[in-house]
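A.B. asks: Structure for the following, please:
(one chain, ligands or ions: 2)
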Amino acid sequence: MSSTAGQVIKCKAAVAWEAGKPLVIEEVELAPPQANEVRMKILFTALCHTDVYFWEAKGQTPMFPRIFGHEAGGIVESVGEGVTELKPGDHVLPIFTGECGKCSHCNSEESNMCDTLRINTERGVLLNDGKTRFSKNGQPIYHFLGTSTFSEYTIAHVGCVAKINPAAPLDKVCVLSCGVSTGMGATLNVAKPKKGQTVAVFGLGAVGLAACEGARMAGAGKIIGVDLNPDRFNEAKKFGVTDFVNPKDHDKPVQEVIAEMTNGGVDRAVECTGSFQAMISAFECVHDGWGVAVLVGVPNKDDAFKTHPLNFLNERTLKGTFFGNYKPRTDIPSQVEKYMKKELQLEKFITHSVPFSEINKAFDYMLKGESIRCIIRMDA
Ligand code: NAD
Ligand code: ZN
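C.D. replies: Ligands and ions are numbered 1, 2, ... in the order given. Here you go, the predicted structure:
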């Protein structure tokens, strides 16, 4: 038992008080974990574009004050009633979408869309009592994705916490708790390219580069990277990208450019941008007869996907996935093991690192398109 178990913890958290305004490091209060909850000390967290979208709250329902963050690594501090699979001291990755282990999705080999704990961006409270565990001077502070990792301590449902090898460096494997697993899984588990096939990846941020890495691991013959930011192309070569297309360089739709480059279309496309135009292009650039496109990017609230139904009749397939179809608790520990066995490189995703006190810099790096992943060191 830790000395803080059962007590309210006062800790520093980066609070978003208003949409698009710099986060403020505040001392907040974190209540003890309730039934089926885990309280953990966060050691490293990283910024993903999903945090930025909901912080900007442009096309999303605003919910403030809120503590963002969902890509992280930490150590269990205490557990609530009914938690038997985790104990204080365990090394863990909190995950934005959970696995209750009991529902029809959790029992299905095909799904990771747990009935109880699947991603819910609109929920700012924890499930047990529909309330927040964070507060400042009595004012509740909303959770984000059930993880809220921009805080020295946080609470998540046990189904959203993957127990990992304690020897794994948390400053590296924390990126497996969202972006890297999402992109890699989108290619390997969902798009499933065959050896020698051509794969187009739209968006070369961490998620897209991980999708490229998945394509490389699957033995793709050609990997076409598509991004509006030409600075991304050099970086992308390290992830197996062989060809680059910048939609801005062409006066026709990028799907036509890609179809011309590939004799009618790519075998697989993975969209990792969040732009609905890119989603449509990703679908329309796959070859008729067998092409498969997978959507990963999180769209704005009112976006719509429009394409001619004939594109489906012509035997193109459109899919989407959260978290690369991985089940958080079942599958993520073995991804960590792959890293430990050097079958998976994570270092190349990590381009920046800042102390917690400078967390707003991580937002600047991402907004300027400079970073792939910026690690935020909580103890610094
Ligand atoms: P990022 O901002 O680092 O990368 C996105 C890239 O897409 C940028 O390089 C940008 O220039 C490029 N881009 C934007 N619009 C484009 C367009 N129309 N055509 C081509 N390129 C374009 O973001 P990230 O952290 O890599 O995340 C990528 C997306 O994946 C985001 O939408 C994020 O919310 C989403 N995401 C989804 C899941 C999931 O489980 N489905 C998980 C994590 C992140
Ligand atoms: Zn479930």
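
A.B. asks: Now do the buried residues in stretch 242-261.
C.D. replies: By neighbour count with 16 or more other CB atoms under 10 Å, stretch 242-261 contains the buried residues 242-247, 254-255, 257-259, 261. (Each C-beta comes from the backbone N, C-alpha and C, glycine too.)

A.B. asks: Return the residues of the protein in contact with ligand 1.
C.D. replies: 48-50, 53, 178-179, 182, 202-208, 226-229, 232, 247, 272-275, 277-278, 296-298, 322-323, 369 (CB under 6 Å from any ligand atom).

A.B. asks: Mind checking which of those residues are in helices?
C.D. replies: 49-50, 53, 179, 182, 206-208, 232, 277-278 (DSSP state H).

A.B. asks: Which single one of the residues you listed is nearest to ligand 2?
C.D. replies: Ligand 2 has its nearest neighbour among these in T182, at 18.7 Å by CB to the ion.

A.B. asks: check contacts around that closest one.
C.D. replies: Contacts for T182 (CB atoms under 8 Å, 6 or more residues apart in numbering) come out as 207, 210, 296, 321-324.

A.B. asks: what's the farthest-apart pair in these?
C.D. replies: A210 and F322 (14.2 Å; CB to CB).

A.B. asks: Backbone dihedrals for the residue of the stretch 151-300 of the chain found nearest ligand 2, both of them.
C.D. replies: The nearest approach of the stretch 151-300 of the chain to ligand 2 comes at G159, 7.0 Å away (CB to the ion). Here is the backbone geometry of G159 (degrees, to the nearest 10): phi -70, psi -10.

A.B. asks: I'd say it and F96 touch.
C.D. replies: No: if you go by CB atoms under 8 Å, G159 and F96 don't touch, sitting 11.7 Å apart.

A.B. asks: Any idea how many residues pack against K58?
C.D. replies: Close neighbours of K58, defined as other CB atoms under 10 Å, add up to 12.

A.B. asks: If we only consider the buried residues of stretch 242-261, which is nearest to ligand 1?
C.D. replies: P247 (5.5 Å; CB to the nearest ligand atom).

A.B. asks: Quick check, that closest one in contact with E256.
C.D. replies: No: counting by CB under 8 Å, P247 does not reach E256; the two are 10.7 Å apart.

A.B. asks: Quick check: the closest residue to ligand 2 within the stretch 251-380 of the chain vs K252, distance?
C.D. replies: Per CB to the ion, K327 is where the stretch 251-380 of the chain lies closest to ligand 2, at 8.9 Å. Using CB to CB, to the nearest Å, K327 is found at 41 Å from K252.

A.B. asks: before we move on, what about G138?
C.D. replies: 58 Å.

A.B. asks: Could you do D303 as well?
C.D. replies: For D303, the distance to K252 - CB to CB - is 23 Å.

A.B. asks: Low-confidence ranges, the protein, go.
C.D. replies: 1, 380 (pLDDT under 70).

A.B. asks: List the residues that contact the residue of the stretch 251-380 of the chain closest to ligand 2.
C.D. replies: By CB under 8 Å, 6+ apart, K327 lies in contact with 99, 106, 112.

A.B. asks: For the residues you listed, pick the one with the most neighbours.
C.D. replies: Within these, most neighbours by other CB under 10 Å means E99, with 27 neighbours.

A.B. asks: and that residue, what does it touch?
C.D. replies: E99 is in contact with 106, 112, 114, 117, 159-160, 327-330, counting by CB under 8 Å, 6+ apart.

A.B. asks: Give me the buried entries from those residues.
C.D. replies: 106, 112, 114, 117, 159-160, 327-329.

A.B. asks: now, which of those lie within strands?
C.D. replies: Using DSSP state E, no member of the buried ones among the contacts of E99 sits in strands.

A.B. asks: Could you point out which of those is nearest to ligand 1?
C.D. replies: Of all these, ligand 1 sits closest to N112, with 9.5 Å by CB to the nearest ligand atom.

A.B. asks: Could you verify my assumption that the closest one touches I332?
C.D. replies: No: look at N112 against I332 with CB under 8 Å: they stay out of range, at 10.6 Å.

A.B. asks: Contacts for stretch 295-312, please.
C.D. replies: Stretch 295-312 has contacts (CB under 8 Å, 6+ apart) with 49-50, 53, 58-61, 121, 182-183, 186, 202-203, 207, 211, 270-276, 278-280, 282-284, 288, 318-321, 324.

A.B. asks: Produce a PyMOL select command limited to the buried residues of those residues.
C.D. replies: Applying 16+ other CB under 10 Å to these leaves a buried subset, and the PyMOL line that selects it is:
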select buried, resi 49+50+53+60+121+182+183+186+202+203+207+211+270+271+272+273+274+275+276+278+279+280+282+283+284+318+321+324
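
A.B. asks: one step back: how about the contacts of T182 in a markdown table, adding distance to ligand 2?
C.D. replies: Output for the contacts of T182, formatted as a markdown table (distance: CB to the ion, whole Å):
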| residue | distance to ligand 2 |
| --- | --- |
| V207 | 24 |
| A210 | 25 |
| V296 | 21 |
| T321 | 16 |
| F322 | 13 |
| F323 | 13 |
| G324 | 17 |
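
A.B. asks: Closest one to G196 out of those residues, please.
C.D. replies: Using CB to CB, the contacts of T182 come closest to G196 at A210, 21.0 Å.

A.B. asks: excluding its backbone neighbours, what's nearest whichever residue of the chain sits closest to ligand 1?
C.D. replies: Residue nearest to ligand 1 within the chain (CB to the nearest ligand atom): G205, separated by 2.0 Å. Computed as CB to CB, 6 or more residues apart in numbering, the closest residue to G205 that is not its neighbour in sequence is H49, at 6.2 Å.
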